[in-house]
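>>> Show me the folded form of this:
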Amino acid sequence: MDAIFETEEQDIEIALKKGVRMDINIQATVGVCSEFMSASYAEKAEVSVVIAPIKVTTEGEESKIRILTGCNLWQSCHNSTCWYSLAAREKKKA
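Have a look, this model is predicted:
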């Protein structure tokens, strides 16, 4: 994917000492995707997208945080090479 957003999942390693409190600010990102396909046979188009955190989980004793992100156009994108798209999710099921 040639879009600005190439990350499927972001793993953030955080070293915490006991008793230390840490605030993490997680925000959505607005950008441009040049790989959007409105149909499986359509040409790729450039569109504005929002990549936003969907799920945040911790592993172990809160030393590792996993952030799962998603695209606001995932249901209408038919680009099977884009991790966010519905087409890619259907391809994984097959």
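>>> residues of the helix or strand where Gly31 lies that come out buried?
Take DSSP states H and E as the rule and Gly31 turns out to sit in strand 29-36. Using 16 or more other C-beta atoms under 10 Å as the test for burial, strand 29-36 gives Cys33, Glu35, Phe36. Backbone N, C-alpha and C define where each C-beta goes, glycine included.
>>> got those residues as a markdown table, with distance to Ala88 columns?
A markdown table is the format used below for the buried residues of strand 29-36 (distance: C-beta to C-beta, whole Å):
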| residue | distance to Ala88 |
| --- | --- |
| Cys33 | 13 |
| Glu35 | 11 |
| Phe36 | 13 |
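>>> I'd like those residues laid out as JSON lines, including pLDDT.
Listed next are the buried residues of strand 29-36 as JSON lines, based on pLDDT from 0 to 100:
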{"residue": "Cys33", "pLDDT": "94"}
{"residue": "Glu35", "pLDDT": "94"}
{"residue": "Phe36", "pLDDT": "95"}
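>>> that's a helix at Lys91, yeah?
Yes. According to DSSP: H, G, I helix; E, B strand; the rest coil, Lys91 belongs to a helix.
>>> what sits against the closest residue in space to it that isn't next to it in sequence?
Distances taken as C-beta to C-beta, 6 or more residues apart in numbering place Ser80 nearest to Lys91, at 4.9 Å, with adjacent residues excluded. Counting by C-beta atoms under 8 Å, 6 or more residues apart in numbering, Ser80 touches Ser40, Ala87, Ala88, Glu90, Lys91.
>>> how close does the first one get to Gln75?
When distance is defined by C-beta to C-beta, to the nearest Å, Ser40 is 14 Å away from Gln75.
>>> likewise the third one?
Taken as C-beta to C-beta, the spacing of Ala88 relative to Gln75 amounts to 12 Å.
>>> Which of the two has more residues huddled nearby?
Ranked by neighbour count (other C-beta atoms under 10 Å), Ala88 and Gln75 place Ala88 first, with 18 against 10.
>>> got the phi/psi numbers for that one?
phi -70, psi -40 (degrees, to the nearest 10).
>>> likewise Trp74?
According to degrees, to the nearest 10, Trp74 has phi -60, psi -40.
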